[in-house]
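Peer 1: Fold the following, please.
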Amino acid sequence: IPNIVPEEKKEAAGDRKPNTNVMAINFATIESVNEMATGDPVRCERCLAYFSQFSSYDRNTKVWRCEYCDFSNIRELEEEEHPKKDIITYIDSYQENNMGGLPGSSFGTDSSIIFCIDVSGSMGVTTPYKGPTNRWAKEKGVISRLACVKMAVAEQLEKLAKDAPNAKVGFVVFGDKVTIVGDGTVHEASLKSDLNEYYAVIAEGMSFAEIYLKKSIGTSLEHLLNELDKIETSGTTALGPALLASIALIGVSGKGGSKVILCTDGVANTGIGQISGSSREPGTVEGVYNQIGEYALSKGILISLVSIAQEDCRLDLLSPCAIATGGNIVKLNPNDLSTGFSDFLAEKIIAFDATIAIKLHKSMKFIANSANEVGFDPSVLIKKLGNVTPNLIFTFEYSIKSAEELEKEKINISKATKIPFQALVNYRGPDGVRYCKVISKQQEVTDEKKEAEKDVNVNVLTAHSLKRTAELAMLGKIQEAVYSTQLYRNLVKGKKDEEVFNANMNPIITTVEREQGTVAFKAGHKSDDLISDI
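Peer 2: Numbering: from 1, shown residues only. You can find the predicted model right below:
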């Protein structure tokens with residue numbers, strides 16, 4: 001948003017006015033060609049901000065007065081050391097000097113895909129079906145949930161065999177036990193470990209990798225289709241152990257970019273991660289799925305969760321593992337599963353193990369919410385993103401500190417016309433190299449709220465509102481999600497791109513109200529074609 005409104009100029013919190021101080025970062029910039037730095041970065045000795053295109057350097061006194069913290073850095077800098085662009089990419093020098101060279105192409109090559117499929121008793125429930133009978137839909141007019149999954153998976157297998165014949169694809173199925181089907185070329189095997197033992201499940205899952213995931217889809221397609229045909233419903237829902245074993249199975253290769261797509265219609269009720277609590281502390285349900293997400297993230301694996309519409313799978317408790325890895329969470333009608341799977345498989349991971357750190361001028365602070373990790377310094381936000389796809393958009397809210405805070409910290413911005421921002425994106429690329437992309441921007445300042453609202457970027461507000469609505473809905477805060485959307489709807493009313501906001505928000509609000517809080521959600525937020533640049 002072009003203009004920054006001081007906090008004390010806003011209405012009281014009880015009036016619930018939307019914040020116009022919103023910024024969006026489009027991670028498609030990671031793929032774009034930017035200036036590559038040839039040397040080490042110049043950083044502020046106090047706040048560690050990067051010397052940028054907007055930095056002012058006095059060549060007579062050899063002083064760079066940091067635009068973020070006002071510290072006077074004494075440095076002898078050559079003209080070529082002053083960045084000429086607002087986006088600069090550095091190679092991580094620590095990696096080069098201390099990690100024995102670069103890891104080469106160990107990320108993103110010949111990646112693996114595991115379909116982790118719920119075969120519990122409820123997957124036998126039927127739904128109306130208008131399509132023709134076939135190998136998977138054997139009865140006219142009705143089809144079971146499991147048959148819908150089989151048909152959707154079979155369609156994706158055939159596409160993968162044609163488009164990505166070197167990919168390794170396998171199944172893990174779960175009811176009251178977890179069965180490793182793998183690539184279908186070896187007889188299936190069930191886990192013998194105690195399904196309540198986290199590390200035992202990992203160890204056994206890893207032990208299957210060499211035998212059960214050897215063949216590429218180009219040679220294993222018919223084996224997979226035959227094994228898919230044999231799958232039948234039975235038992236309870238050992239979702240947690242199955243997901244963990246799936247990650248362990250494909251994590252052995254060490255090749256980032258692999259994916260686990262989990263499809264379920266019920267609540268996890270057997271083994272690790274069975275639903276019994278709501279705290280985020282380690283050892284509770286959410287703690288377990290956080291831990292599973294961190295494990296997948298360490299292997300560069302993306303987890304996506306698909307649940308059957310009209311069923312309460314408690315995706316709010318399962319979601320941490322998908323969010324941690326940059327995956328999707330979606331609820332679909334059985335007949336729409338193929339489209340959902342296709343979308344997940346089409347997503348390309350452009351960065352692994354990504355973290356973003358955003359630095360504001362010391363006169364500003366972040367407004368914390370569930371998407372932000374604001375620590376001791378309110379002017380710095382750090383967020384672990386995990387795997388990054390081109391459509392990821394990260395938004396955040398900020399404000400000028402209150403008059404009392406500015407006075408206490410002896411900060412004077414009365415003459416300021418622009419305020420600097422800096423985002424640092426640290427990530428490992430598909431080539432295995434670790435990069436740091438530094439993005440520096442400036443924003444104009446105004447103390448007139450009406451002026452700021454007049455100049456709002458509707459596309460940015462749309463991306464932010466989409467993200468906030470999905471977050472609130474996933475937490476079950478339906479009324480707050482709808483109300484938040486209405487606040488921003490009022491703000492963009494009459495603006496040039498109002499139709500963009502309504503076209504994006506109306507479908508998600510309809511889904512929120514109908515499905516009682518379960519909507520398509522992506523960490524950061526996926527919002528195609530809304531933001532073209534940072």
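Peer 1: okay, and for the stretch 151-300 of the chain, where does confidence drop off?
Peer 2: Low-confidence regions of the stretch 151-300 of the chain, defined by pLDDT under 70, span residues 254-255, 276-283.
Peer 1: And the helices in it, which stretches?
Peer 2: Taking DSSP state H, counting those that start in this stretch to define them, one finds helices in the stretch 151-300 of the chain at 198-207, 209-212, 217-230, 239-251, 285-298.
Peer 1: For the third one, buried residues please.
Peer 2: Which is helix 217-230. Counting neighbours by 16 or more other Cβ atoms under 10 Å, one finds that the buried residues in helix 217-230 are I217, S220, L221, H223, L224, L225, E227, L228. For the C-beta atoms, the positions are set from N, CA and C on the backbone; glycine is no exception.
Peer 1: Now for the closest residue to the fourth one other than its chain neighbours: which residues touch it?
Peer 2: I take that to be H223. What sits nearest to H223 in space, not counting adjacent residues and going by Cβ to Cβ, 6 or more residues apart in numbering, is G184, at 3.3 Å. Counting by Cβ atoms under 8 Å, 6 or more residues apart in numbering, G184 touches G170, F171, S220, H223, L224, L225, N226, E227.
Peer 1: returning to that earlier point: closest one of the buried residues of helix 217-230 to L332?
Peer 2: Using Cβ to Cβ, L228 comes nearest to L332 of the buried residues of helix 217-230, at 18.8 Å.
Peer 1: how many neighbours does the nearest residue to that closest one once chain neighbours are set aside have?
Peer 2: Beyond its immediate neighbours in the sequence, the residue positioned closest to L228 (Cβ to Cβ, 6+ apart) is K150, lying 5.4 Å away. Here the neighbour count serves as a burial measure; for K150 (other Cβ atoms under 10 Å) it reads 21.
Peer 1: what do you get for V456?
Peer 2: Counted by other Cβ under 10 Å, the residues lying close to V456 total 21.
Peer 1: looking at it, it is touching N490, isn't it?
Peer 2: No: under the criterion of Cβ atoms under 8 Å, V456 is not in contact with N490, lying 11.8 Å apart.
Peer 1: what touches both of those two?
Peer 2: Contact with both V456 and N490 is made by no residue, according to Cβ under 8 Å, 6+ apart.
Peer 1: Strands of the stretch 1-150 of the chain, start to end?
Peer 2: Along the stretch 1-150 of the chain, counting by DSSP state E, counting those that start in this stretch, strands occupy 3-4, 22-26, 35-36, 57-58, 63-65, 72-74, 87-91, 112-118, 126-128, 142-144.
Peer 1: looking at those, which is buried most?
Peer 2: With neighbours defined as mean count of other Cβ atoms under 10 Å, those peak in mean count at strand 112-118, which reaches a mean of 26.
Peer 1: now that one and helix 217-230, what's the angle there?
Peer 2: 10 degrees (axes from the mean of the first three to the mean of the last three Cα atoms, to 10 degrees).
Peer 1: name the helices or strands packed onto strand 112-118?
Peer 2: Here strand 112-118 is seen to pack against helix 145-163, strand 168-174, helix 239-251, strand 259-264 when contacts are counted using 3 or more Cβ pairs under 8 Å, 6 or more residues apart in numbering; DSSP states H and E.
Peer 1: can you put the helices of the stretch 151-300 of the chain in CSV and add distance to K383?
Peer 2: What follows is the helices of the stretch 151-300 of the chain, written out as CSV (distance: least, Cβ to Cβ, whole Å):
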stretch, distance to K383
helix 198-207, 26
helix 209-212, 32
helix 217-230, 35
helix 239-251, 22
helix 285-298, 13
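Peer 1: looking at those helices, which is buried most?
Peer 2: Ranked by average neighbour count under the criterion mean count of other Cβ under 10 Å, those are headed by helix 239-251 at a mean of 29.
Peer 1: Which one of the strands of the stretch 1-150 of the chain lies nearest to Y212?
Peer 2: strand 112-118 (10.3 Å).
Peer 1: Please put the alpha-carbon coordinates of the closest one into PDB.
Peer 2: Provided in PDB are the C-alpha atoms of strand 112-118 (Å, rounded to 0.1, in the frame of the first residue of the first chain):
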ATOM      1  CA  SER A 112       9.200 -39.200  -5.700                       C
ATOM      2  CA  ILE A 113       5.500 -39.000  -5.100                       C
ATOM      3  CA  ILE A 114       3.500 -41.100  -2.600                       C
ATOM      4  CA  PHE A 115      -0.300 -41.300  -2.600                       C
ATOM      5  CA  CYS A 116      -1.200 -42.000   1.000                       C
ATOM      6  CA  ILE A 117      -4.700 -43.400   0.900                       C
ATOM      7  CA  ASP A 118      -7.300 -43.900   3.600                       C
END
